[in-house]
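**Q** Quick one: sequence and predicted model below, then my questions.
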Amino acid sequence: MQPPFNLVESLGRVEHFRRLPEADRAAIVNAGQTRSFPAGAIIYREGETGAGMFVLLAGHVHLQKLGPQGQQSIVAEIEPVIMFNEVTVLDSGANLTTAVAVQACVTWNISHANFQALLQRYPMIGLGLLRVLAARTRNLLAQYEDLSFRSVLARTAKLLLDLSERGARPIHRKEYPNADLAARISTVPEALSRSLQVFRKNGDITCTRATITVNQPETLEKFAQVERTLFKG
């Protein structure tokens, strides 16, 4: 059966498949399957048998790691059209993260065996995958630097600057509850709340039940140990 053109077109926006003609992308689509997940669903769990590679076609996904004290850390946010869990189709190992559907999601999923067969036929897919893995390695090293060399207070300041676009827009608590903010900087909600309290007392931020507003980005930059040039477009 010929797959829907919109799915073939969507895969054409993924780095691996961008240079392939439509007929080859259709063959690739047929090697996997589309899967839907409701908001809040666990797509796969860390440590379980490899679930294969996914491409997110619609929705929003968080990739999480479980900490030694049971806290969840968000290591990546996935938006369309981006792949995730790609390591499992290379080494057939267990899932490295837990994937949570933050919103209702539509994905395309391919197993290790089927992906290996595709690599034999389309070796350029592997070259595209190397570029993606290189970019994600750089991102992981940046996260390691934050965890190793920045305190929770500094990480909170950096997160507030990032989410507010250096004070240009408020951070909506419904979209970013404390548990979510804490997971983004690999800490617990209580530690995050203490950091927010410090910034609130200093007048650096204003907190309401609905929003967090950054009033003094320059002061937060000092706490975050970052330069202003990092926030320029």
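**A** Arrived safely. Computed from a predicted model, the values in this text were never measured in an experiment.
**Q** low-scoring stretches of this structure, by residue?
**A** The chain contains residues with pLDDT under 70 at 1-5, 11, 14-16, 68-70, 226-233.
**Q** So what are the structural domains in it, by residue number?
**A** 5-148, 150-231 (automatic domain parsing).
**Q** Hmm, N85 is touching A94, no?
**A** No - counting by CB atoms under 8 Å, N85 sits too far from A94 to count as a contact (10.5 Å). Placement of C-beta: from N, CA and C, glycine included.
**Q** which SS state does E46 fall under?
**A** What DSSP: H, G, I helix; E, B strand; the rest coil gives for E46 is coil.
**Q** what number of residues lie near the residue nearest to it when sequence neighbours are not counted?
**A** Counting by CB to CB, 6 or more residues apart in numbering, E46 lies nearest to T98, which is 4.5 Å off, once chain neighbours are set aside. When neighbours are counted by other CB atoms under 10 Å, T98 registers 19.
**Q** residues in contact with T98?
**A** 42, 44-46, 63-66, 72 (CB atoms under 8 Å, 6 or more residues apart in numbering).
**Q** what about 10 Å?
**A** 42-48, 62-66, 72, 75 (CB atoms under 10 Å, 6 or more residues apart in numbering).
**Q** Beta-bridge partners for it, please?
**A** Residues in a beta bridge with T98, per DSSP bridges, are Q64.
**Q** and it, how far is that from C207?
**A** Distance of T98 to C207, computed by CB to CB, to the nearest Å: 30 Å.
**Q** Show me the strands in the chain, by range?
**A** Assigned by DSSP state E, the strands in the chain fall at 33-37, 42-44, 53-58, 61-66, 72-78, 82-84, 98-101, 105-110, 171-172, 205-207, 211-214.
**Q** Run me through the strand neighbours of the longest one, direction for each.
**A** So the one you mean is strand 72-78. Paired strands of strand 72-78, with direction, are strand 61-66 (antiparallel) (DSSP bridges).
**Q** what's the offset of the partner strand from the middle of its chain?
**A** Here strand 61-66 is found 8 Å from its chain centre; the criterion is CA atoms, centre = their mean, to the nearest Å.
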